[in-house]
Structures are given as C-alpha cells and as structure tokens.
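> Quick one: sequence plus predicted model below, questions after.
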Amino acid sequence: MERLPNILSAQYSELLQHCVHPISDGSNLSFKNKTINGKRYWYLHIGVGKTHREHYLGEETTDLLDRIEDEKAVWNSEDDDRDLRRRLVNMLIAGGMTPTPRDEGKILTLLERNGLFLAGAALVGTVAFRAYANMLGVSWSSSIGTQDVDIGMDTVYSLALPRSKKPIHLRQLILDSGLGFVEVPALNPRQPSTSFRIRKRDFIVDVLTPLRGRETSRPVELRDFGTHATPLRYLDYLLEDIQPAVLLYEQGIMINVPAPGRFAVHKCVVSGRRPAAQAAKSRKDLGQAEQVFRALLDFRPADIAIALAAAAERDKKFLGGFESALDRIDSDVAAAVRQTGENG
C-alpha cells in the first residue's frame, strides 16, 4: 500500500461534491414531433443501448414548447460542470489514483444515470475495494480482483434513502444496455437468473440481497428494482452503513459502497464460509481485508472501532468467523485491529 499526495485527496473530495447531483446531459434524449390530421404532437425519445422508446408529451402548445426549451437549456448549461468533472478525473488518474475499467465504467454509468444508486443500491465486491483506494487516498499493492460487479440491494434499508422519481428496471436496463449482456441461467432452470454476462467475456454483473431466516439459495424478487437477487448471509451487515463514493471514469460515476471498516470485517467472515473449491477467492477476501485494515489503521482507526462495535451485535457464527480469519492475515495487522476494537 502506498500513500498518495494529500492534494489528490483534496481533488477527489472536490469531484465527489460535483458528482452529488447527476448530470442530465441529454446524451440519450431527444424531442421529436409528429403531425397527425394537421395537429403536431411531441414525444421524448429515449435511447438506452440498442433499445429506443418514446414517451408521449402532448399536443403542441406554447407552454409545452417552453418546457421543452427549458429542458434543453439545462442540458447546455451543464457543459461547464461536465468539463470540470472530466478534468478532475483525468488529473486524479494521472496523479496515481485508481481508474475504473471500461466495461465497468459503461454499465455503471448507465445504472447511475437511471437512479440505481439514488435508490439505495451499493457496490459490495471488487469494484468497492478499488473505490476505497481513492476514498482513502492510497494505491493498493494489488487489486486482487476479478471482473465482477456485485450489486447489493435491500429494500429494508433503501426505504430510508432518497428515492429516484422513476421506477428502476435493473434487469431490463442491463439487457438493453447494448453492451452484449445475456442472463446467466440459474442452476435450477425453474428459477430466474440473478447474474448477467457479456457474451464471450468474463465480465459478470451479480445482483445480491441479504439472506434472513433459514438457509436457501432461492432467488429473491426485488420488485422495486425489477429484478431477482441471490440471497447472501450477513450481507445486511454491509448494507446497514453505506457511503457515497465516485469512480474515476469519464465524468465520474457517483455510487454507494459499504463503510470500509465493515467491508474489511465482512471479507474476513466471508473468507471462512467459502467451500474448499473457492480457496483462491478466500485468499482474495483476506488480501482485500488486510489492505483495507492497513489503510484504516494509518488514517481512520475510528472506522474500524465502529465496524467492530456493529459486529459485536451479530451472532456467534459471525464473530467466530471474524476472529478465525484474523489469525490468517498479517499478525501485526490483526493485533492492531483487535487493539483498536478494545480501545473502542
């Protein structure tokens, strides 16, 4: 792990502030009219990947034309903000911060613009791990990652967050993105898919939700998001405390990620729950947890104390899994994490 110059962290904070409000750039929108029986009617034309839809606005009136011009003016007025954000992203990447790969950037930009993260969804896997590097102002010694995008959603917590004004149909957004996504069939052909893969690529998007109650692998329907999700034990520990972050791609992508302390604790627990066939993933979990713990111990030890206090309220299996995993990371890091928890 390498500490990056403080000026980069200041610039990252500036970018985060500019990304709080999504830009309506009009890049996939246009207004069109049709003349029928001598009368003119207006439509909003929306393009998402290869899919194009029209929404009826009404018969032409002076008021409708004024509203259309006002919306176009908003798109044009945000040119300066888009340019500033793009410059900041380029400066941060040039300074050594972690960029977002192209495939990830494209699909996450689409999901951000359609309000997925405003509705409370969070990235909980390797994408989140890379995001923490920029949040904490460091460069990881190794990304130890895969080409997976793990999206965690839980309506229990998202209800308390700002909601987007339009319904979100995540499954359809991904399939209509034009990026070549197809559904990954579930092991049980009678069950709906919760994963999407780009054809002939190893790039996968997984949709996840907390598992409560008895063990089951049956997909859970998330009606608010128009998709199904794989239930995972202890995912609620992550989603109870999510924070905003920005990914470095084009003009910046505003996302949500779990609090980094909780991410590290959860990775420890998950590492011990994987079957022997997933030993490589278990090592990846521990590697990511150790690196996040190192950064937090140096710069934000209180984050660890808060995460451990929340972990103390979980069941014995969760706590036992965490303690066992600590014995499998660097002994100095493990000792410092335990000491931080004791000092609270």
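Perfect, thanks for sending it. Numbering: from 1, shown residues only.
> Return the helix or strand in the protein with minimum mean pLDDT.
Least confident helix or strand of the chain, by mean pLDDT, DSSP states H and E, is helix 155-158 with a mean of 56.
> mind checking how far the residue nearest in space to the middle of the chain is from E240?
Nearest to the mean C-alpha position of the chain, counting by C-alpha atoms, centre = their mean, stands L123 at 3.0 Å. Distance of L123 to E240, given as C-beta to C-beta, to the nearest Å: 16 Å. Any C-beta I mention is one placed from the backbone N, CA and C, and that applies to glycine too.
> ditto for Y249
27 Å.
> what does the helix or strand harbouring E221 contact?
Element membership for E221 (DSSP states H and E) is strand 220-222. By C-beta atoms under 8 Å, 6 or more residues apart in numbering, the list of residues contacting strand 220-222 from outside reads M153, T155, L170, P192, V207, T209, H228, A229, T230, P231.
> what's near enough to touch the fifth one?
Put plainly, it is V207. With contact set as C-beta under 8 Å, 6+ apart, V207 has these partners: I151, M153, L170, T194, S195, L222, F225, T227, H228, A229, T230.
> Who does it form a beta bridge with?
I151 (DSSP bridges).
> Ramachandran angles for I255?
phi -130, psi 180 (degrees, to the nearest 10).
> That one: neighbouring residues, count only.
Residues near I255, counting by other C-beta atoms under 10 Å, number 25.
> Ok, S13 next?
Neighbour count of S13, defined by other C-beta under 10 Å: 12.
> Check Q17 too.
10.
> Quick check: the gap between it and Q243.
For Q17 relative to Q243 (C-beta to C-beta), the value is 14 Å.
> got it, and A229?
A229 sits 21 Å away from Q243, going by C-beta to C-beta.
> just to revisit the earlier point, among Y249 and E240, which residue is more densely surrounded?
Y249 (18 against 15).
> so what does the lengthiest helix in the chain touch, helix or strand wise?
Scanning the chain for the helix with the most residues, using DSSP state H, yields helix 279-299. Packing contacts for helix 279-299, counted by 3 or more C-beta pairs under 8 Å, 6 or more residues apart in numbering; DSSP states H and E, involve helix 126-136, helix 260-273, helix 301-311, helix 331-343.
> Tell me where the protein has strands.
Assigned by DSSP state E, the chain shows strands spanning 2-3, 29-36, 39-48, 51-59, 122-123, 138-139, 148-152, 181-184, 195-198, 204-211, 220-222, 227-233, 242-247, 253-258.
> can I get those in CSV with mean pLDDT and distance to A302?
What follows is those, written out as CSV (pLDDT from 0 to 100; distance: least, C-beta to C-beta, whole Å):
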stretch, mean pLDDT, distance to A302
strand 2-3, 92, 18
strand 29-36, 82, 44
strand 39-48, 74, 42
strand 51-59, 68, 46
strand 122-123, 96, 21
strand 138-139, 94, 17
strand 148-152, 94, 24
strand 181-184, 94, 40
strand 195-198, 95, 36
strand 204-211, 96, 26
strand 220-222, 92, 33
strand 227-233, 95, 27
strand 242-247, 94, 14
strand 253-258, 95, 16
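> Any idea what Y41 is bridged to?
For Y41, the beta-bridge partners are K34, E59 (DSSP bridges).
> ok, now which ones touch it?
Applying C-beta under 8 Å, 6+ apart, the residues near Y41 are N33, K34, T35, Y56, L57, G58, E59, E60.
> For P185, which non-adjacent residue is spatially closest?
Residue nearest to P185 in three dimensions, not counting chain neighbours: S193, with 6.1 Å by C-beta to C-beta, 6 or more residues apart in numbering.
> cool, L173 as well?
Using C-beta to C-beta, 6+ apart, the closest residue to L173 is N114 (5.7 Å).
> I93 too?
Nearest non-adjacent residue to I93, counting by C-beta to C-beta, 6+ apart: P99, 4.8 Å away.
> Share the number of residues neighbouring that neighbour, please.
P99 sits with 17 neighbouring residues when counted by other C-beta under 10 Å.
> ok now do it, which residues does it touch?
I93, L248, Y249.
> E323 now?
Not one residue lies near E323 by C-beta under 8 Å, 6+ apart.
> same thing with the one 3 residues further on?
By C-beta under 8 Å, 6+ apart, the residues touching L326 are C268, A334, V337, R338.
> Tell me the spacing between it and H169.
In terms of C-beta to C-beta, L326 sits 41 Å off from H169.
> go on, R274?
R274 sits 32 Å away from H169, going by C-beta to C-beta.
> Ok, K281 next?
Counting by C-beta to C-beta - K281 and H169 are separated by 30 Å.
> export the contacts of P99 to a markdown table and tack on pLDDT and distance to R3?
Shown next, in a markdown table, are the contacts of P99 (pLDDT from 0 to 100; distance: C-beta to C-beta, whole Å):
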| residue | pLDDT | distance to R3 |
| --- | --- | --- |
| I93 | 97 | 17 |
| L248 | 97 | 18 |
| Y249 | 96 | 23 |
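> Can you lay out these as TSV showing distance to M1?
Listed next are these as TSV, based on distance: C-beta to C-beta, whole Å:
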residue	distance to M1
I93	18
L248	18
Y249	23
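> Out of those, which sit inside helices?
I93.
> Pick the one among the contacts of P99 closest to E104.
Taking C-beta to C-beta as the measure, E104 lies nearest Y249 of these, at 7.4 Å.
> No further questions, thank you.
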